[in-house]
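Structure, please.
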Amino acid sequence: MARTTFQPVPLTEPTAEQPVIVHLRLPPPNAIIRRHRHAWGQVTLPLRGSMRVTAGDTTWVVPPMRAVWIPPDVEHETVTLGEAALHACYVLPEAAPLSLSTCTVLEVSALMRQLLVALADAADLSPRRRQLSAELLIEELRVAPALWPGLALPTDRRLKALCDALMEAPGSALSLAQWAARTGASERTLARLFRTELHTSFAAWRQQLRLAHAVDLMSRGKPLAHVAAETGYANAGAFSTMFRRALGQSPRDFMAHRADA
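The predicted model follows:
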């Protein structure tokens, strides 16, 4: 898939006087914010649509009900999945409510979302209300539940080519043998690389990827038949069976729980 490079502006840095800065980002569909790093921490929350965030050797698919925390000086890349609008919250390291070394995907409360919206339009806030809103946002981030870890990524170029291609087309039905013919490595070599680099199997890694994309699609209101087709399952029933076995509840129950959180 061709992606349009997006350069976010403005890049107003947080300061001691304003340790929390929130911007609304409106990238074009399927945009990419290429690898970069900055001296402040960042919380990114999709207001509409979803995104895929890669930092180090891990990637996360982040739908609207979630946010991702990126510590200061961590190189990262963001890809929007379809049309998206994002809130980017910059946090001075001294005010950071979360780890300064580990990325985290967070559950987003209704209050956190509203605080981000208010701070993104801070011109409408008095200095006192802005300060209080920022302090409350920091507390909401501090107590937000952390969610499951991201998807591990390889360093071997052949395995990376396979994983990159699957992330663009998680519903692909190609077998490991078919991927071997495309990547220039034998099936045995790819299977070994999955075990040694990612500590899992091809099938298990692909299922985790499909689950992440399924949650993204469901959060956008896509019907289960569409989700099943996009994630490589023959029908909604087959997808629901896989989802229940993996997460212990049906897709509808999972989404109802997230909506109530």
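
burial measure for residue 20, as a count.
Look at residue 20: counted by other Cβ atoms under 10 Å, it has 25 neighbours. C-beta: built from backbone N, CA, C; applies to glycine.

I misspoke; the intended subject was residue 93.
By other Cβ under 10 Å, the residues close to residue 93 number 14.

OK, contacts around it?
39-41, 72, 100 (Cβ atoms under 8 Å, 6 or more residues apart in numbering).

Also residue 197?
Residues in contact with residue 197 (Cβ under 8 Å, 6+ apart) are 152, 154-156, 159.

10 Å instead, please
Counting by Cβ atoms under 10 Å, 6 or more residues apart in numbering, residue 197 touches 57, 152-156, 159-160, 163.

what does residue 100 give?
Residue 100 sits next to 41, 71-74, 93 when contact means Cβ under 10 Å, 6+ apart.

which one of those residues sits closest to residue 116?
Within the contacts of residue 100, proximity to residue 116 (Cβ to Cβ) peaks at residue 41, which comes in at 14.4 Å.

Let me see the backbone angles for the nearest residue to residue 223 once chain neighbours are set aside.
Spatial nearest neighbour of residue 223, chain neighbours left out: residue 236 (7.8 Å); criterion: Cβ to Cβ, 6 or more residues apart in numbering. Torsion angles at residue 236 (phi, psi; degrees, to the nearest 10) stand at phi -60, psi -30.

Can you give me the neighbour number for residue 236?
16.

I'd assumed residue 251 was in contact with it.
Yes: contact criterion Cβ atoms under 10 Å: residue 236 and residue 251 qualify, at 8.6 Å.

what do the two both touch?
Counting by Cβ under 10 Å, 6+ apart, the common neighbours of residue 236 and residue 251 are 224, 227-228.

Of these, grab the buried ones for ChimeraX.
To isolate the buried members of these in ChimeraX, using 16 or more other Cβ atoms under 10 Å:
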select :224,227,228
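
Return the subset of the shared contacts of residue 236 and residue 251 lying in helices.
Assigned to helices by DSSP state H, the following of the shared contacts of residue 236 and residue 251 qualify: 224, 227-228.

Kindly reformat the shared contacts of residue 236 and residue 251 as CSV containing pLDDT and distance to residue 129.
Formatted as CSV, the shared contacts of residue 236 and residue 251 follow (pLDDT from 0 to 100; distance: Cβ to Cβ, whole Å):
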residue, pLDDT, distance to residue 129
224, 93, 43
227, 94, 41
228, 95, 46
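
coming back round to it: any quick ChimeraX command for the buried ones out of the contacts of residue 197?
Listed next is the ChimeraX selection for buried residues among the contacts of residue 197, using 16+ other Cβ under 10 Å:
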select :152,153,154,156,159,163
